[in-house]
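Student: below: sequence and its predicted model.
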Amino acid sequence: MAPNRAYEPVIDQHDTWLAVNPVQGCPKGCTYCYLKDLGLTRTKPTELATPQDTLTQLLAHRYYHPELVLALYTCTDALATPATRAHLMALLDVLGASAVRNPVCLITKCAIPDDVVACITRNRDAGLPILVYLSYSGLGPTSSRASITPRCAPTSPACTPPPSR
């Protein structure tokens, strides 16, 4: 019997940001993850909104403000599967092509493939501020920071701070 899943709204106001969750569910099973209580860990991610629908919902949301940070994919790891990576890149391209210039935050435990780095760079060059955090939490005793850090070389354009405004 499949666990009951409780999806979060695609756009949701949190204390310090708007969470943007067009894809929810994570194949990982991090023991500390709050998604476990929602039945969203160790599961195939589910697309709840296309990138264009996500932009439409974002701009129509009653708490949208152009200075709020947009925390992308907090109900999955957007880099965990080929489908979530493709959705992330499509959403970044939709945001980059729009007038949205909110700071964008993405947190991952995964390696950042070259095509995602290129997408981040392309959209940062278009004026979309994007910040990527590599999380070390919950990786367990067999993982080391040294084995994860090279995933995003400091010389990569996507791994440098955005220019000051």
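Tutor: Good, I have the coordinates.
Student: so which helix or strand takes in Val117?
Tutor: Remark: Val117 resides in helix 114-125, with elements defined by DSSP states H and E.
Student: same question, Asp93
Tutor: With elements delineated by DSSP H and E, Asp93 resides in helix 82-97, which encompasses its position.
Student: what's the mean pLDDT across that helix?
Tutor: Mean pLDDT, computed over helix 82-97, is 97.
Student: other SSEs contacting it?
Tutor: Judged by 3 or more Cβ pairs under 8 Å, 6 or more residues apart in numbering; DSSP states H and E, the packing partners of helix 82-97 are strand 23-24, helix 51-60, strand 69-72, strand 104-108, helix 114-125. For every residue, glycine as well, the C-beta is placed using N, CA and C.
Student: for Ala126, which residues are in contact?
Tutor: With contacts taken as Cβ atoms under 8 Å, 6 or more residues apart in numbering, Ala126 has the following neighbours: Gly96, Ala97.
Student: scratch that, Pro66
Tutor: Val100, Arg101, Asn102.
Student: just the buried residues of these.
Tutor: For those, a neighbour count by 16 or more other Cβ atoms under 10 Å gives the buried set as Val100, Asn102.
Student: looking at the contacts of Pro66, which are in helices?
Tutor: Secondary structure from DSSP state H places none of the contacts of Pro66 in helices.
Student: can you list the contacts of Pro66 in a markdown table and add distance to Arg85 and pLDDT?
Tutor: Shown next, in a markdown table, are those (distance: Cβ to Cβ, whole Å; pLDDT from 0 to 100):
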| residue | distance to Arg85 | pLDDT |
| --- | --- | --- |
| Val100 | 21 | 97 |
| Arg101 | 23 | 97 |
| Asn102 | 21 | 97 |
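Student: okay, the contacts of Pro66 in JSON lines with distance to Gly25 next?
Tutor: Formatted as JSON lines, the entries for the contacts of Pro66 read as follows, by distance: Cβ to Cβ, whole Å:
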{"residue": "Val100", "distance to Gly25": "25"}
{"residue": "Arg101", "distance to Gly25": "29"}
{"residue": "Asn102", "distance to Gly25": "25"}
